[in-house]
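> Any chance you can model this:
(2 chains)
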There are 2 protein chains.
Amino acid sequence: MNAVGEDVLIARAYLSRVAEPPAPALARLVAEVGPLEAAERVHSGHVDEQVAGETRARRTVHHEVADLAAAAAAGARLLTPEHAEWPEWPLVACAMSGRHELAAPVALWVRGAGRLGELCEQAVAVVGARAATGYGVHVAGELGAGLADRGYTVVSGAAIGIDGAAHRGALAVHGPTVAVLACGVERAYPVAHQALLERIAAGGLVVSEYPPGSVPGRHRFLVRNRLIAALSAGTVVVEAGLRSGAQRTASDATGLGRLVMAVPGPVTSGLSAGSHQLVRDGALLVTRTEEVLEAVGRIGVDLADRHPSGPRRPTDDLDPVSVLVHDALPARAAREARWLAMEAGVPIGAVRAALVTLERRALVEHRDGRWRRRAAAGADTPGET
Amino acid sequence: MNAVGEDVLIARAYLSRVAEPPAPALARLVAEVGPLEAAERVHSGHVDEQVAGETRARRTVHHEVADLAAAAAAGARLLTPEHAEWPEWPLVACAMSGRHELAAPVALWVRGAGRLGELCEQAVAVVGARAATGYGVHVAGELGAGLADRGYTVVSGAAIGIDGAAHRGALAVHGPTVAVLACGVERAYPVAHQALLERIAAGGLVVSEYPPGSVPGRHRFLVRNRLIAALSAGTVVVEAGLRSGAQRTASDATGLGRLVMAVPGPVTSGLSAGSHQLVRDGALLVTRTEEVLEAVGRIGVDLADRHPSGPRRPTDDLDPVSVLVHDALPARAAREARWLAMEAGVPIGAVRAALVTLERRALVEHRDGRWRRRAAAGADTPGET
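From the prediction side, this is the model:
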C-alpha cells in the first residue's frame, strides 16, 4: 500500500462524517481543492451555500481521530482516493452520472484482507429480497459460486436472504466477495450474519462509507445501494418485490451506466414481480452464470469498439477517463492536474492515474508539475479559446 | 353465411388435399386465377414447375366429394376465402410474409358453432409444452380465463399440457376458444381430449387445413403452428423447452408480424428455458392477462398512429390491406380485382373486401367489373408508367 499522509487521512475521516451521504456538493469541493483545503473550509464555514447545507449540522464535530482509532481497533482502515487501492474507475461513474443521489463517497471504511481496487476490476453485484424464497436463495447461491469460480468478485449488501446467499456462494468456492454495509464496518449487521461477515472479511472486504459506530437506517440502505452498483460492472437482481431496495440498486446501476440483469421466477411469486418488472423495463433476463458473464464481458467489447468505423486516432482504445482528461488539456497551454480535474469533472486521483496512462502512450508530457499535450497528438485537439 | 357455389367448394376441397401444406406456389396460383381455374390446371398438369412440384403426387386423386361428405357427416364444413366468415385479414399476413413455410392455406376445414372470422377479430394464442408442470398449467389456465373473460378468443393447438389448460381456462368462463389441429377436424386427437374438443366445438371452433381422415404427424404439427400464430394478434408462450414446437409458433408469429410474448418461470425448470430464451431474443415478458392485453391493444394503437406527424391524406386510417390495394391501382387506368390481387400480392378475397372499404370512402369507383381511383384521391397517387 502506498503511504498516504496522516493529515490527509484525518481530513478525509473528518469529511466522511461531516455530511450525510450522498453529499454531492462536498464531493465536488473535495475534488476541486483536495481534502486538506476542503476540510479546512468546511470546518471554518467558508463554503458555498450547497456545501454549507450538507455540512452545517456536523461541521464542528471532530470525531476523526477517534474514528480512525476505532477502525484500527476493529481491524479496519480508511481508504481514500489517495491510496493506490482506491477503486478509481468504478467510482468515477458516480461523479460522471451528474445525479446528486449517486454522488461519490469522499472515503470508504474497509475491513478485511482484500484490496478494493483489485476486487472491483472484475465484479458483479448480486442483490435481492430479504424475505427470499428457497428458490431465490438457491439461484443466488449458484450465481455467487459460478461468478466467483470464474474469478469475478461477488458484491452484495450482506442482508438476510438473497445477499447472504450470494456471498455464501462465493465463499463456498473460496472466491472473492465484497459486502457493502449501511453502517460502520465494525458492526455485525444483521446480527445473524456475524460469522458470515467475518468470513467475507477474511478473504474479501467489508466496506462502508459510514464511519465506525454509524447505525443503519432505512435511508442509508437506499444510499448504500449506489455503491453496490458502482463497484460492479453489472447488477443481477434475483428476487425483488415491486418498489424494493433491489429495484433501487438496479435503478442506480442504470444511472451509473452499469448493466442491469434480472433472474425470472414464477409469475405466481410476488418476490419475482420486481425482477419481471425490471425485464419489462429493459433489464436483461439472465438464467445462469454464463449469461451474466457473456453480458458483462460484452461491456468491455462494446467500449473497445466505440468508434469502429472512424479513422484511427492516437486516443482510440483509451479508457473513458483518460479520454476525458486528454480532451480537457488545451492544445498548447500547460495545466496542473487539479485544473484538469475541474475541467474534466473527474476526481483528482482519477486524473493522476489517467495522466500516467497518457504519458506512457506519449500523448502528454509534464514539467514543473504542469501537463501539456505532446506535439504528435496535436492533430487530435479540440478547439481552445 | 353467404352462399358459395358448389363448384367452388369442390375445387377448394380438391386443392386442400392435392398439396401437402405449406404449398406456397399453389396458394399463389389460386390467388391469381381463382379456385376453379387453379383446380383445372393442377388436375391437367398445366402448371409451372413449382406448382407441379407441390401437386405431382396427388393431382389425380379426386377425394373432394367424399371429403365434403365426410366433413358434413362429422358436423364439419369447408371454409373458403369466398365465405364472408373467412378470416381475411389474419391470413393475409401469410401471403405478405414472403416466407414459403408460412404460406396461406387454400381452405380450412372447421367444426363447431363459431364463425372463424369473428372469432379471430380479437384473438390471442396461448401455447406451450405438452409435458407442462403444474405451474405452467395453472398459469395457462389463468391466462385462458383472463383473456376469454375480456372478450378475446383463446387460440391454441388442443395438445395435452399448456394448450389444453388454455382452452379449458377459456371454457371455464364460457369464453370463445379455437383449436387448430394437425389432423382432420373429425378426429379426437389427442384421444384424451375428446371431450375437450367437443366442448371447444360447442361454442367455438375446431380448425384444420388437413382434409377429413388426415392423420397427425410431426411435420404437420410444425406446419400447423403457423396458423395458430396467424389467427391471433399475438402468441403467448407459457412453458417451452429449447427447440420446441412452441418456440416454432413464436418464430412463425414473428415472421407474420405478430407479437410474441413469453411467461417466465423458475430458471431451475427446463420447461421455462424456451420462454426465457424467447425473452432474451426480444419477446415481451408477460406475467398476467393485463400485460398481454396492454401489448396486444398497443398494436392497434400503433397501426392507427403510423403517420402521426405527416399531413393528413385520404388513405390515412385505412387498414393495411386497403392501403396496398389502393396503392396498386394506377393513377388513371381501370383494373379488374384479379389484376389488383396480383399487383398487390393480396388474395382476391381480401382485395374484394378492401375495394368495398375504399368505395365506401369514395376513394375508388367501379364500372363493368373494373375499378379506378376517384378523382378526389388523385393527389395521393404513386407514379405509374
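
> okay, CA-based contacts and neighbour counts for the rest of this
Fine.

> Give the next helix or strand downstream of the least confident helix or strand in chain A by mean pLDDT.
The weakest-scoring helix or strand in chain A, judged by mean pLDDT, DSSP states H and E, is helix A:289-304 (a mean of 72). Using DSSP states H and E, the helix or strand that follows helix A:289-304 in sequence is helix A:320-328.

> average pLDDT for that following helix?
In this model, helix A:320-328 has an average pLDDT of 78.

> And for stretch A:202-210?
Rounded mean pLDDT across stretch A:202-210 is 97.

> Just the CA trace of it, in PDB.
Once non-C-alpha atoms are left out, stretch A:202-210 reads as follows in PDB (Å, rounded to 0.1, in the frame of the first residue of the first chain):
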ATOM      1  CA  ALA A 202     -11.100 -13.000   5.900                       C
ATOM      2  CA  GLY A 203     -10.600 -13.100   2.100                       C
ATOM      3  CA  GLY A 204     -12.500 -10.100   0.700                       C
ATOM      4  CA  LEU A 205     -13.700  -6.900   2.200                       C
ATOM      5  CA  VAL A 206     -16.500  -5.400   4.300                       C
ATOM      6  CA  VAL A 207     -17.000  -1.800   3.000                       C
ATOM      7  CA  SER A 208     -18.900   1.200   4.200                       C
ATOM      8  CA  GLU A 209     -18.900   5.000   3.600                       C
ATOM      9  CA  TYR A 210     -20.300   5.400   7.200                       C
END
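
> ranges for the strands of the stretch 51-200 of chain A?
Assigned by DSSP state E, counting those that start in this stretch, the stretch 51-200 of chain A shows strands spanning A:76-79, A:108-111, A:123-127, A:153-156, A:177-180.

> Quick one: closest of the ones you listed to chain B.
strand A:123-127 (15.7 Å; CA to the nearest CA).

> The closest one and chain B, are they touching?
No. Shown here: strand A:123-127 not in contact with chain B (CA under 8 Å from any CA of the partner chain), separated by at least 15.7 Å.

> How about residues contacting that strand?
Strand A:123-127 is contacted by residues A:140, A:143-144, A:147, A:152-157, A:162-163, A:166, A:228-229, A:231-239, A:246 when judged by CA atoms under 8 Å, 6 or more residues apart in numbering or on different chains.

> thought residue A:89 was touching residue A:350?
Yes. Assessed by CA atoms under 8 Å, residue A:89 is found in contact with residue A:350 at 7.0 Å.

> joint contacts of those two?
residue A:321.

> which stretches of chain A have low pLDDT?
Filtered on pLDDT under 70, chain A yields the residue ranges A:1-2, A:298-317, A:319-320, A:345, A:375-385.

> Can you give the domain ranges for it?
A:6-73, A:88-303, A:320-380 (automatic domain parsing).

> Could you say which of those domains is packed most deeply?
domain A:88-303 (a mean of 23; mean count of other CA atoms under 10 Å in any protein chain shown).

> Chain B contacts on the stretch 1-150 of chain A?
Close to chain B, as judged by CA under 8 Å from any CA, the stretch 1-150 of chain A has residues residue A:135.

> all helices for the stretch 1-150 of chain A, in order.
A:6-18, A:24-44, A:49-55, A:64-73, A:88-97, A:116-119, A:134-149 (DSSP state H, counting those that start in this stretch).

> which bits of the stretch 151-300 of chain A sit near chain B?
Close to chain B, as judged by CA under 8 Å from any CA, the stretch 151-300 of chain A has residues A:263-267, A:276, A:279-280, A:284-288.

> Tell me the secondary structure at residue A:261.
strand (DSSP: H, G, I helix; E, B strand; the rest coil).

> Relative to residue A:43, how far out is it?
43 Å (CA to CA, to the nearest Å).

> what does residue A:82 give?
21 Å.

> Name the surrounding residues that touch the helix or strand containing residue A:225.
For residue A:225, the enclosing helix or strand under DSSP H and E is helix A:218-230. With contacts defined as CA under 8 Å, 6+ apart, helix A:218-230 is touched by A:21-22, A:90-91, A:93-94, A:101-102, A:125, A:155-157, A:180-183, A:208-209, A:235, A:245-246, A:248-250, A:252-253, A:256, A:258.

> how about that helix as PDB, C-alpha atoms only?
Output in PDB follows, covering the C-alpha atoms of helix A:218-230 (Å, rounded to 0.1, in the frame of the first residue of the first chain):
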ATOM      1  CA  ARG A 218     -33.800   2.900   6.000                       C
ATOM      2  CA  HIS A 219     -32.300   5.900   4.200                       C
ATOM      3  CA  ARG A 220     -28.800   4.600   4.500                       C
ATOM      4  CA  PHE A 221     -29.700   1.200   3.000                       C
ATOM      5  CA  LEU A 222     -31.000   3.000  -0.100                       C
ATOM      6  CA  VAL A 223     -28.000   5.300  -0.300                       C
ATOM      7  CA  ARG A 224     -25.600   2.400   0.200                       C
ATOM      8  CA  ASN A 225     -27.200   0.600  -2.800                       C
ATOM      9  CA  ARG A 226     -25.500   3.100  -5.200                       C
ATOM     10  CA  LEU A 227     -22.100   1.900  -4.000                       C
ATOM     11  CA  ILE A 228     -23.000  -1.800  -4.700                       C
ATOM     12  CA  ALA A 229     -24.000  -0.800  -8.200                       C
ATOM     13  CA  ALA A 230     -20.900   1.400  -8.700                       C
END
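
> Having no further points to raise, I will conclude here.
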